[in-house]
Structure formats: structure tokens, C-alpha cells
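# Provided below are the primary sequence and the corresponding predicted coordinates.
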Amino acid sequence: MAKNTIFLWYDKDAEAAARFYAETFPDSAVGAIQRAPNDYPSGKAGDVLTVEFTVAGVACLGLNGGPAFKHSEAFSFQIATDDQDETDRYWNAIVGNGGQENACGWCKDKWGISWQITPRVLTEALAAGGDEAKRAFDAMMTMKKIDVAAIKAARRG
């Protein structure tokens, strides 16, 4: 296990979530799965308790902790994309698997985890500052999934 690991609380589907992430994002995998040695408030002995996994190279640990805590947009994974095809692929995988769209490149998977699918062209435009950043920002504010061509057009003015 990595020295610093993102810990995610799931109701009961940590393994399914980890497998979905591993199938969807490069440099992602499912690692060790620990089973509960005894019954506990949200499960029984032998149920999957924790799942080690990586998402795009980031170490994570999922806990099947029950319904006590819910995810919020205060935490999200941000996935940088190189083009519209990559943006579409990740967005469609998350939204098409029971997730939901949100604004400005954000979406939520069916387990409640928030994702920012962010084309590099947007990040670069915002980093440029000035009028270019303002135009790209204004364009982004009208979008759900980021439209790379529209951001490029906004950058040009």
C-alpha cells in the first residue's frame, strides 16, 4: 500500500466501483481485496470490506462502510484529456454507467464520486490569463461536457 492513499467510503459496492475505474482509465487496477473477519453493522463475515485500487496512477482504498456517509463535490477526481475523443470516452463511460452530468466538465458516477473530465486545452487557456482565459472561462460556463472545439474557438476570440 502507498504511504499516502485516497480513502473512499462506499455503501456496499467498492469492488464494483474499483473494477469499473480499472476498466475505464489507463494506469488503473484493482489490487488486494480484504474480507470482513466478522459481522459488522453494514455487513457479514466474508463480505468485501476493503478494496485497494489505483485510478490513473493514484492509490485508493475503498471501504464498504454502509450508508452512513455520502460523497459530495467537495472531493473529485480530475482527469486531464488530450482531445475530444478522450473527453467523450471518459464522460460517456461515467454518465453511461448510471452516472449523471453536471456543469463545467463535472459529472458524477453511479456511486456518487465526482469527476472533472478536463481537456488540457481548457487548462492551458485558463493558465494563459487575460482575455483568452476570460473567453475560455465564459465558454466553459455554458457547457456540461467540455467541447474542445468551442474552447479553442473561444481562445482565438
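Here it is on my side, so go on. Numbers count the residues shown, from 1 in each chain.

# show me where the chain has helices.
All helices of the chain, identified by DSSP state H, fall at 14-24, 84-96, 120-128, 130-140, 148-156.

# just checking, what packs against the longest one?
Right, the one you point to is helix 84-96. Here helix 84-96 touches helix 14-24, strand 76-81, strand 106-108, strand 114-119, helix 148-156, going by 3 or more CB pairs under 8 Å, 6 or more residues apart in numbering; DSSP states H and E. Every C-beta, even on glycine, is put in place using the N, C-alpha and C of the backbone.

# and these as CSV, adding distance to Thr87 and mean neighbour count?
Below are the helices and strands packed on helix 84-96 laid out as CSV (distance: least, CB to CB, whole Å; neighbours: other CB atoms under 10 Å):
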stretch, distance to Thr87, mean neighbour count
helix 14-24, 13, 20
strand 76-81, 4, 18
strand 106-108, 11, 21
strand 114-119, 5, 21
helix 148-156, 6, 16
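
# so who does the nearest residue to Gln116 once chain neighbours are set aside touch?
Nearest non-adjacent residue to Gln116, counting by CB to CB, 6 or more residues apart in numbering: Gln78, 4.1 Å away. When contacts are counted by CB atoms under 8 Å, 6 or more residues apart in numbering, Gln78 touches 115-116, 118.
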